[in-house]
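*Asks:* Fold the following, please.
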Amino acid sequence: MINLHRKVLESELVSILQGCTTLNQIKRVHAFIYRNNLNQSSYVITKLLRVLTTLRHVPIHTYPLLLFSQVHNPNPFLWTALIRAYAHKGDIFEAFRLYGSMRMKCTGPVSFTFSALFSACGAARDARLGAQVHAQTISIGGFASDLYVNNTMIDMYVKCGLLPSARNVFDEMPERDVVSWTALIVAYAKIGDMGSAGDLFDELPVKDMVAWSAMVNGYAQNAMPKKALEFFELLQNEGVEIDEVTLVGVISACAQLGASKYANWIRDIAESSRFRPENNVLVGSALIDMYSKCGNVEEAYNVFKGMKERNVFSYSSMIVGFAIHGNANEAMNLFYEMLETEIKPNHVTFVGVLTACSHAGMVDQGQQIFATMEKCYGVAPTADHYACMADLLGRAGHLEKAHRLIETMPMKPNGAVWGALLGASHIHGNPDVAETASKHLFELEPDNIGNYLLLSKTYASAGRWDDVSRVRKLMREKKLKKNPGYSWFEAKDGIVHEFFAGDVTHPEITDIKKELDDLMDRLKAIGYQPNLCSVSYDISDNEKRCILMTHSEKLALAYGLLRSDAGSTIKIMKNLRICEDCHIVMCGASKVTGRKIVVRDNMRFHHFLDGACSCGNFW
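*Replies:* Numbers count the residues shown, from 1 in each chain. Predicted coordinates for the structure are as follows:
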């Protein structure tokens, strides 16, 4: 009867401790424990220790350690509670010292002991210690089939960057749950191996929201937006509930694809979910980014205005949206509006502001903002901001000034910084500065073919064909292959049509070529002459004209003229930077057809209307 009363009292105390949130509350319960002679109960003291170590302001080596030391024969769970406390605080040395003491006192570990140690190793990215704990689970025995231990072991190896070891653990597990599968699916997605992630997903017996989300976000993060949308549609058909993370992931996929059909579909889903954009800052900010990248900056701003709560991410997304569309004044006005609120700008905000200045040639304003970032707003300029400044100065023709800024940076210039200078050198036809920038880029990004191609084009524009040959030889020696240029156009039925440079595979290619020939005749009638410098090959002018006629954005434009309603806007997305000749053609086409044409390349949006571009030919 006494034992029964003791067990009831112990259970009541554990329940009371569960609700304790302050040190004074815990101390009162501790005093009650002493009065009732339960101070040697490992069961009660374990719970007391766990609750105590959740309080941030209580150091482990004071009250918790004293509490532990007063128990004469601590059981494995009490040992583990203290080990876990040190592990969570990041003191991996003390956690392992305690584990050693526990083993010396002949106290056997439990599964929670190993999970605490594996978590500590994962947090510290210490694979060596983690492997030793793995060996302990084998040598002690009895843990090979423990699902909880194996799952934390997988997590440890993943965090330490040893995915093959994590996979070995997974393959040898006699029992797995959705946590086991999802941990590996997320890990494969993180390194871009969506093939392995997909194979695991297909084998997963019961697919929950977390697993589906891992696949959707994996495809989105690895620039496979169509697959992300495909999986999201399957998720919807399966009736799986979506969470905020999944919704933001699929919105990101829509932003990459730039297709209005999918954008509106996802917007409807967001509006009908519990994550409505007007109430959810994360979803609202993602939708702003999506509409901006789909070419509809007006709708992006409508989302922004409809949000009841805004934070630095929603403001920054809208500022960046205005910037990439060349709406510099709107971007700057929104920035100054933000400064009047309690919201402080961050790193991304200033990238957006400086990008807006760069695309509009607002050199003085950009320099002024850059100079006051840290002093007035507490945001220290990073390499990204220096890249924006190099781009701002370089685009405006101040190549030497941009070079001097790079040379005096407080940190080592990265590829984006030198890339901005290389891009500006190409715009202004300065092969000498291009050479300087490319030397650094070849060291920092030896396999980035874009740098070699841009240097080659700069040499070609200057007629330095020997240097062009030298760069191309270097590319062959490194076995670098050019990413094919391609463009896509969304037809009114929502189907996205892709066109590659030199493409002859489209089923309507005959009609497309005829439409393009007719357009060229109309452009020549108003004075169009092909910009042969856009072709960086030492070939005949006639061959250059033929190559220019097969650029992917021109094919997409011709198809858009064929298959869209008269007077409607033609939107074209491109994976690479639009070339000078295509830019001229888009300007002319907007004039002779009376259509608005929007082109998104990998740098920004160009809005062509009545023979002019929103960039003012400053791009």
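*Asks:* Domain map for the chain?
*Replies:* 394-482, 486-613 (the TED database).
*Asks:* In TSV, list those domains along with mean neighbour count, mean pLDDT and distance to residue 96.
*Replies:* C-beta: built from backbone N, CA, C; applies to glycine. What follows is these, written out as TSV (neighbours: other Cβ atoms under 10 Å; pLDDT from 0 to 100; distance: least, Cβ to Cβ, whole Å):
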stretch	mean neighbour count	mean pLDDT	distance to residue 96
domain 394-482	18	92	36
domain 486-613	18	90	49
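*Asks:* how about CSV for these, with distance to residue 155 added?
*Replies:* Output for these, formatted as CSV (distance: least, Cβ to Cβ, whole Å):
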stretch, distance to residue 155
domain 394-482, 31
domain 486-613, 36
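*Asks:* So which of those is nearest residue 13?
*Replies:* Closest to residue 13 of these, according to Cβ to Cβ: domain 394-482, at 55.5 Å.
*Asks:* And the closest one, how far out from the chain middle?
*Replies:* 26 Å (Cα atoms, centre = their mean, to the nearest Å).
*Asks:* Likewise for stretch 380-394?
*Replies:* With Cα atoms, centre = their mean as the basis, stretch 380-394 stands 20 Å off its chain's centre.
*Asks:* And for stretch 556-574?
*Replies:* For stretch 556-574, the distance to the chain centre is 30 Å (Cα atoms, centre = their mean).
*Asks:* Outside of it itself, list whatever touches it.
*Replies:* Stretch 556-574 is contacted from outside by 257-258, 260, 294-295, 485-492, 497, 499, 506, 508, 511-513, 515-516, 519, 552-553, 585-586, 589, 593-602, using Cβ atoms under 8 Å, 6 or more residues apart in numbering.
*Asks:* Tell me the buried residues in stretch 227-246?
*Replies:* Neighbour counts using 16 or more other Cβ atoms under 10 Å place 227, 228, 229, 231, 232, 235, 240, 242, 243, 246 of stretch 227-246 among the buried residues.
*Asks:* starting at the chain centroid, how far to the host helix or strand of the second one?
*Replies:* Secondary structure assignment for residue 228, by DSSP states H and E: helix 225-237. The gap between where helix 225-237 is centred and where its chain is centred comes out at 19 Å by Cα atoms, centre = their mean.
*Asks:* Can you name the residues in contact with it?
*Replies:* Defining contact as Cβ under 8 Å, 6+ apart, one finds that helix 225-237 is touched by 194, 212, 215-220, 242, 246, 249-250, 252-254, 256-257, 262, 269.
*Asks:* switch the cut-off to 10 Å
*Replies:* Defining contact as Cβ atoms under 10 Å, 6 or more residues apart in numbering, one finds that helix 225-237 is touched by 194, 198, 201, 207, 209, 211-222, 224, 240-242, 246-247, 249-259, 262, 265-266, 269, 496.
*Asks:* returning to that earlier point: strands - which of the contacts of stretch 556-574 land there?
*Replies:* Those of these mapping onto strands are 486, 487, 488, 489, 490, 497, 499, 597, 598, 599, 600, per DSSP state E.
*Asks:* how close does the second one sit to residue 555?
*Replies:* This means residue 487. Applying Cβ to Cβ, to the nearest Å, the value for residue 487 to residue 555 is 7 Å.
*Asks:* before we move on, back to that, tell me the one of the buried residues of stretch 227-246 nearest residue 61?
*Replies:* Among those, and counting by Cβ to Cβ, the member closest to residue 61 is residue 243, at 39.5 Å.
*Asks:* isn't the closest one right next to residue 210, touching?
*Replies:* Yes: counting by Cβ atoms under 10 Å, residue 243 does reach residue 210; the two are 8.5 Å apart.
*Asks:* Determine which residue lies closest to the centroid of this protein.
*Replies:* residue 221 (5.8 Å; Cα atoms, centre = their mean).
*Asks:* Just give the closest residue to that one, not the sequence neighbours.
*Replies:* Among residues not flanking residue 221 along the chain, residue 189 sits closest, at 6.8 Å (Cβ to Cβ, 6 or more residues apart in numbering).
*Asks:* need the contact list for the one you found.
*Replies:* 196-198, 201, 214-222.
*Asks:* Turn those residues into JSON lines, including distance to residue 581.
*Replies:* Shown next, in JSON lines, are the contacts of residue 189 (distance: Cβ to Cβ, whole Å):
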{"residue": "196", "distance to residue 581": "42"}
{"residue": "197", "distance to residue 581": "41"}
{"residue": "198", "distance to residue 581": "40"}
{"residue": "201", "distance to residue 581": "44"}
{"residue": "214", "distance to residue 581": "43"}
{"residue": "215", "distance to residue 581": "41"}
{"residue": "216", "distance to residue 581": "39"}
{"residue": "217", "distance to residue 581": "38"}
{"residue": "218", "distance to residue 581": "38"}
{"residue": "219", "distance to residue 581": "34"}
{"residue": "220", "distance to residue 581": "33"}
{"residue": "221", "distance to residue 581": "34"}
{"residue": "222", "distance to residue 581": "32"}
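*Asks:* Cross-reference those with the helices and report the matches.
*Replies:* Residues of the contacts of residue 189 located in helices (DSSP state H): 196, 197, 198, 201, 214, 215, 216, 217, 218, 219, 220, 221.
*Asks:* Whichever of these end up buried, select them in PyMOL.
*Replies:* Applied in PyMOL, the following selects the buried portion of these according to 16+ other Cβ under 10 Å:
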select buried, resi 196+197+198+201+214+215+216+217+218+219+220+221
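*Asks:* Which one of the ones in helices among the contacts of residue 189 is nearest to residue 38?
*Replies:* Nearest to residue 38 among the ones in helices among the contacts of residue 189: residue 214, at 45.0 Å, using Cβ to Cβ.
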